[in-house]
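Novice: this is a predicted model, with the sequence first.
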Amino acid sequence: MKIGIMGLPQVGKTTLFDLLSLSGGVARSSGGGTESHVGIIKVPDTRLEELSAMFQPKKTTFATMEYLDLPPLHKGTTKGDVPLLAQLRQMDALLEVIRCFEDPRVPHVEGGVDPRRDAGLLRDELLLADLEVIERRLERIELDYKRGKKEEKEREFPTLKLCQEALEGGNPLRDLEMPEESWALLRGYQLLTAKPLILLLNLGEDQWAKREEFHSQFRDLAQGKKTALVEVCAKLELEICQLKAEERGEFMKECGIPELGFTRLVRTSYELLGLVSFFTYMGEEVRAWTLPFGTSALKAAGAIHTDLERGFIRAEVIHFSDLKTAGSLAAARKKGLLRLEGKEYIVQDADVITIRFHV
Ligand SMILES: Nc1nc2c(ncn2[C@@H]2O[C@H](COP(=O)(O)OP(=O)(O)OP(=O)(O)O)[C@@H](O)[C@H]2O)c(=O)[nH]1
Ligand SMILES: [Mg+2]
């Protein structure tokens with residue numbers, strides 16, 4: 001899963017990226033210079049840690065998430081900046097950093113701090129970029145239609161028109177109510193306003209105490225189903241992460257930070273993208289996997305290895321909480337808590353799964 005950190009210049013994108021990298025125990029990081037930084041972070045999961053303590057495996061592997069620190073967006077950039085647009089299009093979700101912090105040493109491109117104006121500006125940029133894609137496609141199919149290629153127009157026209165109207169009316173595509181076939185048709189166009197969006201209010205150290213007020217003041221910016229609003233104090237949290245582990249808890253308590261924004265961000269991303277985790281214990285390794293909600297046991301097997309999908313016989317399933325109560329797999333088996341499920345079983349969050357297969 002790829003999440004792009006985007007926003008106006010000097011709003012705290014890199015500070016947030018560093019925070020995620022530091023608190024997420026980077027598995028790999030690359031880029032720099034004119035390239036975007038890429039960080040692959042471990043998804044924190046206390047359930048996986050508990051399973052690891054139970055099974056004592058040689059290896060414990062966390063699920064990962066990829067974050068990109070993208071170059072800044074300006075008013076009008078999406079008209080010309082093709083590399084940035086291409087990068088944005090490859091993301092599974094967008095994380096928009098909105099500056100709330102006031103600091104005279106950090107100038108704001110638009111003159112002063114105004115979260116609502118900035119969110120609107122970014123929204124309009126993405127709307128325009130999408131509108132251009134839709135209009136180009138409409139022209140193309142119109143041209144093909146005249147040349148006798150009729151089926152594309154018949155298939156795509158109503159959906160594209162609906163999108164065009166929404167965009168022209170200033171509405172992001174993610175808010176549209178459309179049948180699944182229409183979404184499937186649009187997927188190939190990688191439209192930016194169709195992607196799930198996390199609006200991140202980057203608060204100053206002095207604003208943290210008022211975070212609930214900020215949240216209610218700007219909640220309307222994140223109304224849709226595929227939009228979330230989170231507050232983080234990137235600079236302060238980065239400083240906390242740079243402290244020694246034993247000093248961290250005390251300092252967080254002092255600053256009134258119950259939980260790091262990082263943890264909240266990962267959770268929000270999972271909820272927004274409709275992701276679930278399941279766990280396996282195979283060949284001395286306990287591992288967490290990430291899947292979209294609604295995935296079958298067969299596809300889950302395929303995510304682990306194609307052989308497991310090809311030779312799938314059945315899945316042995318127990319929910320993490322039942323396993324925890326039982327204390328061990330052997331005890332759970334004795335109590336009859338392990339269920340045998342077939343190919344069609346829909347994997348649930350926190351299932352512990354063993355795939356029985358034969359190739
Ligand atoms: N006071 C204060 N300063 C912050 C905060 N977050 C970021 N900054 C400062 O703002 C400046 C810009 O932060 P960056 O993280 O580099 O911002 P950016 O969005 O990556 O900037 P560009 O990549 O140039 O667009 C730095 O000097 C940060 O220290 C904050 O919460 N409070
Ligand atoms: Mg930066």
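Specialist: Ah, there it is. If you're wondering where the values come from, they're calculated on a predicted model, not measured in any experiment. Numbering: from 1, shown residues only. Ligands and ions are numbered 1, 2, ... in the order given.
Novice: closest to the centroid, which residue in this protein?
Specialist: S269 (4.1 Å; CA atoms, centre = their mean).
Novice: name the element that one belongs to?
Specialist: Assigned by DSSP states H and E, S269 belongs to helix 261-273.
Novice: mean confidence for that helix?
Specialist: Within the predicted structure, the mean pLDDT of helix 261-273 is 86.
Novice: for the residue in the stretch 151-300 of the chain that ligand 1 sits nearest to, give me its contacts.
Specialist: For the stretch 151-300 of the chain, the residue closest to ligand 1 is K235, as judged by CB to the nearest ligand atom, at 3.6 Å. Backbone N, C-alpha and C define where each C-beta goes, glycine included. Under the criterion of CB atoms under 8 Å, 6 or more residues apart in numbering, the contact partners of K235 comprise 12, 15, 101, 204-205.
Novice: quick one: the helices in the stretch 151-300 of the chain?
Specialist: Taking DSSP state H, counting those that start in this stretch to define them, one finds helices in the stretch 151-300 of the chain at 151-168, 180-187, 211-218, 234-241, 245-255, 261-273, 297-304.
Novice: just the buried positions in the second one, please.
Specialist: If I follow you right, that is helix 180-187. Of all the residues in helix 180-187, those buried under the rule 16 or more other CB atoms under 10 Å are 182, 185-186.
Novice: contacts for it next, please.
Specialist: Contact partners of helix 180-187, identified using CB under 8 Å, 6+ apart, comprise 155-156, 159, 162-163, 173, 194.
Novice: which one of the residues you listed is nearest M91?
Specialist: Taking CB to CB as the measure, A194 is the one of these closest to M91, at 11.3 Å.
Novice: where does the residue lying closest to that closest one once chain neighbours are set aside land on pLDDT?
Specialist: For A194, the nearest residue in space outside its immediate sequence neighbours is L173; the separation is 4.1 Å by CB to CB, 6 or more residues apart in numbering. At L173, the predicted lDDT confidence score is 96.
Novice: D45 too?
Specialist: So, for D45, pLDDT stands at 89.
Novice: my guess is it meets F62, correct?
Specialist: Yes - applying CB atoms under 8 Å as the test, D45 and F62 come out as touching, 6.4 Å apart.
Novice: list residues touching both of those two?
Specialist: Shared contacts of D45 and F62, defined by CB under 8 Å, 6+ apart, comprise A288.
Novice: let me see the ranges of the strands in the chain.
Specialist: Secondary structure of the chain (DSSP state E): strands at 2-6, 28-30, 37-42, 59-61, 64-69, 93-99, 197-202, 227-232, 275-282, 285-292, 312-319, 339-341, 351-357.
Novice: in stretch 211-227, what counts as buried?
Specialist: Neighbour count says stretch 211-227 has 211, 214, 218, 221-222, 226-227 buried, by 16+ other CB under 10 Å.
Novice: before we move on, what about stretch 157-177?
Specialist: Along stretch 157-177, these residues count as buried under the neighbour rule (16+ other CB under 10 Å): 159-160, 162-164, 166-167, 171-174, 176.
Novice: out of these, flag the one nearest to Y345.
Specialist: Scanning those for proximity to Y345, where the rule is CB to CB, the winner is R174, at 29.8 Å.
Novice: show me the contacts for that closest one.
Specialist: Contact partners of R174, counting by CB under 8 Å, 6+ apart, are 193-197, 224-227.
Novice: could you do D220 as well?
Specialist: Here D220 is in contact with no residues (criterion: CB under 8 Å, 6+ apart).
Novice: if we can go back for a sec, between the strands of the chain, which one is nearest to ligand 2?
Specialist: Proximity to ligand 2, assessed across the strands of the chain by CB to the ion, is greatest for strand 64-69 (6.0 Å).
Novice: partner strands of the closest one, parallel or antiparallel?
Specialist: If you go by DSSP bridges, strand 64-69 pairs up with strand 2-6 (parallel), strand 37-42 (antiparallel).
Novice: for ligand 1, which of these is the nearest?
Specialist: With distances scored as CB to the nearest ligand atom, the stretch of the strands paired with strand 64-69 nearest to ligand 1 is strand 2-6 (8.3 Å).
Novice: if you average the pLDDT over that closest one, what comes out?
Specialist: The predicted model assigns strand 2-6 a mean pLDDT of 94.
Novice: if you count neighbours, what's buried in that strand?
Specialist: By neighbour count, with 16+ other CB under 10 Å as the criterion, the buried positions of strand 2-6 are 3-6.
Novice: what residues does this structure have near ligand 2?
Specialist: On the criterion CB under 5 Å from the ion, ligand 2 has as its neighbours in the chain the residues 13-14.
Novice: returning to what we had before: could you dump the strands paired with strand 64-69 to a markdown table with distance to ligand 1?
Specialist: Written out in a markdown table, the entries for the strands paired with strand 64-69 read as follows (distance: least, CB to the nearest ligand atom, whole Å):
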| stretch | distance to ligand 1 |
| --- | --- |
| strand 2-6 | 8 |
| strand 37-42 | 10 |
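Novice: include distance to G120 when you put those into TSV, please.
Specialist: Formatted as TSV, the entries for the strands paired with strand 64-69 read as follows, by distance: least, CB to CB, whole Å:
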stretch	distance to G120
strand 2-6	15
strand 37-42	27
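Novice: quick one: which of the ones you listed is nearest F278?
Specialist: Of those, the one closest to F278 (CB to CB) turns out to be strand 37-42, at 16.5 Å.
Novice: how distant is that closest one from the center of its chain?
Specialist: Relative to the centre of its chain, strand 37-42 is centred 13 Å away, using CA atoms, centre = their mean, to the nearest Å.
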